[in-house]
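1. Give me a model of this one.
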Amino acid sequence: MTGFQRTIATLGGLSGVLALVLAVADAGEAGVLMIAGSILLAAAGLRHHLGLMPEARIDLAASIAGMILLLTVLDGEMPSASWPFLVGCWLIGWLAVEKSLAARGLSQTYSTVISLAVPVFFGAWIIFVWEVLTVGLQVPTVLLPPPSMIAVRFAASTSILWADFQQTVIKAALSGYIMGCGSAFVIAILIDRVPFLQRGLLPVGNFISALPIVGIAPIMVMWFGFDWQSKAAVVVVMTFFPMLVNTVAGLQATQAMERDLLRTYASSYFQLLIKLRLPTAAPFIFNALKINSTLALIGAIVAEFFGTPIVGLGFRISTEVGRMNVDMVWAEIVVAALAGSLSYGLLSLLERQVTFWHPSNRRKTR
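-> Now for the predicted structure:
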């Protein structure tokens with residue numbers, strides 16, 4: 001156990017002790033539960049100084065049990081003991097993560113599970129703190145609804161959310177993403193082949209990328225109509241330049257010695273491109289694809305604010321804000337966040353499979 005981990009354990013145990021002192025002063029059932037929970041939390045943190053059961057799974061169980069207990073005692077207000085208790089649960093959970101990441105001699109499967117579980121655990125803690133603060137501090141739902149309220153609205157509106165997802169993500173964002181990235185990739189190869197185009201098209205692409213989305217979205221609506229085609233056109237404009245610049249930079253990343261070696265074997269331009277330059281440019285291309293996966297979704301949603309059929313994430317957000325249905329707005333935001341995270345994650349997995357030879361991926365698989 002490192003000194004840093006011991007410090008976290010000590011702070012977590014002291015937070016449990018402070019929560020115990022404050023819980024003793026409270027009366028009622030909540031005070032009894034907080035007393036019991038604070039004792040267990042203090043024991044989980046301070047046990048490391050005695051060398052008792054230092055396994056990370058015990059810290060993880062103590063952190064999760066504390067989260068459940070704190071949600072149980074919340075009844076429209078936060079007892080004074082809940083603040084140090086909340087901090088202590090977070091520190092014990094942090095300690096469990098630190099121990100798991102620092103563990104040695106783990107199998108490849110177990111290491112992969114830990115690497116996936118850490119962001120899930122961190123995200124769960126963000127949602128938990130959000131729930132505790134909004135419920136315990138009685139934050140008005142118009143300002144910030146609790147996650148439980150958003151989850152209920154999400155479950156009750158799956159048909160609406162699915163229709164909005166199809167309109168914005170599948171029709172507008174995905175089609176614009178494919179057209180924007182595909183055309184930029186082809187033009188990047190032309191620019192690499194013809195230096196004149198590099199001097200002429202790159203400044204034009206830079207100019208287009210500087211155009212504000214709130215300026216081009218109404219124009220695209222007038223050109224292509226109110227349906228998804230105009231939103232896809234906005235996405236094409238937003239994704240074109242990042243893909244173009246990254247692909248051109250990747251094609252120029254090869255070393256002169258490598259190119260000269262293939263030329264000594266009488267390689268043509270396209271053989272040089274396919275066998276050397278495109279594999280070298282693959283990390284740059286995937287970097288642009290990952291950036292554009294989020295830009296496409298943002299562009300499609302914002303474009304729907306300027307005219308759209310009565311369906312779509314952007315349309316629903318703007319409409320429900322006017323009706324003060326903030327829980328529905330957050331449900332739409334959850335759909336957009338899940339779609340963006342899923343697309344980014346799939347592209348990252350594909351990148352790891354395609355560019356397995358790259359040093360960054362070799363380090364990840366050790």
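
2. Return the distance of stretch 318-329 from the chain's centre.
-> 24 Å (Cα atoms, centre = their mean, to the nearest Å).

3. What residues of stretch 148-163 count as buried?
-> For stretch 148-163, the buried set under the neighbour-count rule, 16 or more other Cβ atoms under 10 Å, comprises 149-151, 153-154, 157, 161. For every residue, glycine as well, the C-beta is placed using N, CA and C.

4. Show me the shaky parts of the stretch 101-250 of the chain.
-> 103-108 (pLDDT under 70).

5. what's the spacing between residue 250 and residue 349?
-> Separation of residue 250 from residue 349 (Cβ to Cβ, to the nearest Å): 20 Å.

6. what bits of the stretch 251-366 of the chain have low per-residue confidence?
-> 255-263, 265-269, 358-366.

7. Helices along that one, start to end?
-> 256-264, 269-272, 278-303, 313-322, 326-354, 359-364 (DSSP state H, counting those that start in this stretch).

8. Most tightly packed of those?
-> Mean neighbour count (mean count of other Cβ atoms under 10 Å) peaks for helix 278-303 among those, with a mean of 22.

9. counting contacts, what elements does it pack onto?
-> Applying 3 or more Cβ pairs under 8 Å, 6 or more residues apart in numbering; DSSP states H and E, one finds that helix 278-303 makes contact with helix 175-193, helix 213-224, helix 228-251, helix 313-322, helix 326-354.

10. how about these in JSON lines, adding distance to residue 206?
-> Output for the helices and strands packed on helix 278-303, formatted as JSON lines (distance: least, Cβ to Cβ, whole Å):
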{"stretch": "helix 175-193", "distance to residue 206": "13"}
{"stretch": "helix 213-224", "distance to residue 206": "15"}
{"stretch": "helix 228-251", "distance to residue 206": "7"}
{"stretch": "helix 313-322", "distance to residue 206": "27"}
{"stretch": "helix 326-354", "distance to residue 206": "25"}
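
11. out of those, which comes closest to residue 129?
-> helix 326-354 (16.0 Å; Cβ to Cβ).

12. tell me the angle that closest one makes with helix 278-303.
-> 170 degrees (axes from the mean of the first three to the mean of the last three Cα atoms, to 10 degrees).

13. Skip the chain neighbours and tell me the closest residue to residue 294.
-> Of all residues not flanking residue 294 in the chain, residue 340 sits nearest, at 5.0 Å (Cβ to Cβ, 6 or more residues apart in numbering).

14. how near is that neighbour to residue 249?
-> If you go by Cβ to Cβ, the gap between residue 340 and residue 249 works out to 24 Å.

15. same question, residue 117
-> Counting by Cβ to Cβ - residue 117 and residue 249 are separated by 35 Å.

16. what do you get for residue 85?
-> 51 Å.

17. same thing with residue 350?
-> Taking Cβ to Cβ, one finds residue 350 at 20 Å from residue 249.

18. Please apply the same query to residue 21.
-> Residue 21 is 59 Å from residue 249, by Cβ to Cβ.

19. Equivalent analysis for residue 312, please.
-> From residue 312 to residue 249 the distance is 34 Å (Cβ to Cβ).

20. swap in residue 37?
-> Distance from residue 37 to residue 249, by Cβ to Cβ: 55 Å.

21. can you check residue 57 too?
-> From residue 57 to residue 249 the distance is 46 Å (Cβ to Cβ).

22. more neighbours, these two?
-> residue 249 (15 against 11; other Cβ atoms under 10 Å).

23. who are the neighbours in contact with the nearest residue to the more buried one once chain neighbours are set aside?
-> Nearest residue to residue 249, sequence neighbours excluded (Cβ to Cβ, 6+ apart): residue 284, at 5.5 Å. Shown in contact with residue 284 (Cβ atoms under 8 Å, 6 or more residues apart in numbering): 246-247, 249-250, 253.

24. If you rank these by neighbours, which is first?
-> residue 247 (25 neighbours).
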